[in-house]
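Novice: okay, here's the prediction I keep looking at, along with the sequence it came from:
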Amino acid sequence: MKLPQQVKKNLLKELEFIIARMREESDPVKKIYFYSAVNGSLERVTRFHFDKELLVAQAIMSLSYNVINDRVNRLKIGDTVVPFTESLMEQLISSVSDLAKAIEDNKTVYPAVEKAMEVAYMATGPGFYTRSFLDYAKTEQANQEE
């Protein structure tokens, strides 16, 4: 994706801020709060430069935020069946870093937003179950090979 230079510069500066704040915060709620700004940043850019890839990225980041925010809110009220681990949070931060790098390099942002959507999926009941089942199957296969 190629953006006009000034728009790109402003977006990258904002993404850099978001990434830094997500890394600095220890509170998952605050990390997710800063993550929500990714959607806003992308949405603002679409007002100055319309691009279908940018529009898809903005929609996916918005959806991923909503799913993850729902999980964090459920955890706060005691619904701990589906955890949101530190590893998932690191993957989420990595997806924002990958997004910034793709924008900086004028490359497609789809791999970065796919990573964010995968993290969101893992924060759902079906995603947690799938991950648990695949881990179980992998362990069973390793045990059979011994």
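Specialist: On my side now, so go ahead. Numbers count the residues shown, from 1 in each chain.

Novice: elements contacting the longest helix along the chain?
Specialist: The residue-count maximum for a helix in the chain (DSSP state H) belongs to helix 52-76. Judged by 3 or more CB pairs under 8 Å, 6 or more residues apart in numbering; DSSP states H and E, helix 52-76 is in contact with helix 28-48, helix 86-104, helix 110-122. Yep, even glycine has a C-beta here, placed from its N, CA and C like the rest.

Novice: distance between the longest one and the chain's centre?
Specialist: Okay, so that is helix 28-48. With CA atoms, centre = their mean, to the nearest Å as the basis, helix 28-48 stands 11 Å off its chain's centre.

Novice: show me what that helix is packed up against.
Specialist: With contacts taken as 3+ CB pairs under 8 Å, 6+ apart, helix 28-48 sits against helix 5-24, helix 52-76, helix 86-104.

Novice: got it, and the second one?
Specialist: Using 3+ CB pairs under 8 Å, 6+ apart, the elements in contact with helix 86-104 are helix 5-24, helix 28-48, helix 52-76, helix 110-122.

Novice: want to throw those helices into a markdown table with mean neighbour count, distance to residue 129 and mean pLDDT?
Specialist: Output for these, formatted as a markdown table (neighbours: other CB atoms under 10 Å; distance: least, CB to CB, whole Å; pLDDT from 0 to 100):
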| stretch | mean neighbour count | distance to residue 129 | mean pLDDT |
| --- | --- | --- | --- |
| helix 5-24 | 16 | 27 | 97 |
| helix 28-48 | 18 | 21 | 95 |
| helix 52-76 | 18 | 14 | 96 |
| helix 110-122 | 19 | 10 | 97 |
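
Novice: good, we can wrap up now.
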